[in-house]
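**Student:** Here's my sequence, what's the structure:
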Amino acid sequence: MRCPFCHTQDTRVIDSRLASEGDQVRRRRECAGCNERFTTYESAELLMPRVVKRDGTRVQFDDQRLRNGMLRALEKRPVATEAVEAALSRIRQRVQALGDGEVNASTLGDWVMEELRELDQVAYVRFASVYRSFQDVSAFREVIEGLEEHDRQPTDDGPRS
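**Tutor:** Numbers count the residues shown, from 1 in each chain. Purely as a prediction, here's the structure:
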């Protein structure tokens, strides 16, 4: 592994542990050249299905694009990186579990919205406003009312506060 600071090839692993619900290995590394430490993540490379966009075009599933969209919605929100990675992992698992060669972009967007609803309601509204192309304030109102209704529904642990 090349050091991101001095680009030396000689680095060593000083700690390894599971991350993202066991789907990744998190490794702390130290560079032999500059002694800087950095983290890498290792995961199995699986063939992901193609995404069918609204206009019918098909593109390769892009994990980074998915991450960037969620992070944009979560910008300046108090959500732990581990929680975001776990949500991304759950979405990837759902995509893989389909067993199809294709997944609709709308299905993928709905799954992102489900995860954001649980992570942070403000991020959920931000993402929904772009994903659903809100045209006016009434569209925001509908989403917020839907969130309030979701919060009033009892869960297995009892009603939400």
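**Student:** Longest helix in this structure, please.
**Tutor:** Longest helix in the chain, counting residues (DSSP state H): helix 81-98.
**Student:** Same question for it: list its buried residues.
**Tutor:** In terms of neighbour count (16 or more other Cβ atoms under 10 Å), helix 81-98 has its buried residues at 84-92, 95. All C-beta atoms are positioned from the backbone trio N, CA, C, and that covers glycine.
**Student:** got it, and stretch 122-136?
**Tutor:** Quick answer for stretch 122-136 (16+ other Cβ under 10 Å): 122-128, 131, 134.
**Student:** Using JSON lines, lay out these together with pLDDT and secondary structure.
**Tutor:** Formatted as JSON lines, the buried residues of stretch 122-136 follow (pLDDT from 0 to 100; DSSP: H, G, I helix; E, B strand; the rest coil):
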{"residue": "Val122", "pLDDT": "90", "secondary structure": "helix"}
{"residue": "Ala123", "pLDDT": "92", "secondary structure": "helix"}
{"residue": "Tyr124", "pLDDT": "87", "secondary structure": "helix"}
{"residue": "Val125", "pLDDT": "87", "secondary structure": "helix"}
{"residue": "Arg126", "pLDDT": "88", "secondary structure": "helix"}
{"residue": "Phe127", "pLDDT": "88", "secondary structure": "helix"}
{"residue": "Ala128", "pLDDT": "84", "secondary structure": "helix"}
{"residue": "Tyr131", "pLDDT": "76", "secondary structure": "helix"}
{"residue": "Phe134", "pLDDT": "70", "secondary structure": "coil"}
